[in-house]
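Enquirer: Pasting the sequence and the predicted coordinates here, then a few questions.
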Amino acid sequence: MDKSELELTADLAHIDLKEAEYETLGRAVEQMIEYFSRMNEVDVSGLEPTTHALILRNRLRPDVPAEDNLADTLLENAPELEDRFIVIPNVL
């Protein structure tokens, strides 16, 4: 990646780079592009798509409806109610 491309990218990202940083960043970008080129050479035709390499099972609990009415239990603990609303002191 040449300096003009780095300047344009830094400008679009609203990043102020010093002159010495362009050379360092240029080498880093070239190295990343080389790594990406190597990744394109890997045969992945037999692999299934995945969103994460380490997910072995679903971490969510089953979505099972509960018979308990949690709202009634919470309202029983409120210090003051008006209909089914909790009364709080005026703030303003």
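Expert: Perfect, I can see it now.
Enquirer: Show me which helix or strand of the protein is least confident by mean pLDDT.
Expert: One helix or strand of the chain scores below all others by mean pLDDT, DSSP states H and E: helix 70-76, with a mean of 86.
Enquirer: Which SSE is immediately downstream of that one?
Expert: Downstream of helix 70-76, the next assigned helix or strand under DSSP states H and E is strand 81-82.
Enquirer: contacting residues around that next one?
Expert: 75, 87 (CB atoms under 8 Å, 6 or more residues apart in numbering). The C-beta positions use only the backbone N, C-alpha and C, and glycine is treated the same way.
Enquirer: Give the pairing partners of that strand; include direction for each.
Expert: Neighbouring strands of strand 81-82 in its sheet, by DSSP bridges, are strand 85-86 (antiparallel).
Enquirer: so how far is the partner strand from its chain's centroid?
Expert: Using CA atoms, centre = their mean, to the nearest Å, the distance from the centre of strand 85-86 to the centre of the chain it belongs to is 36 Å.
Enquirer: what's the longest helix in this structure?
Expert: Using DSSP state H, we find that the single longest helix of the chain is helix 19-40.
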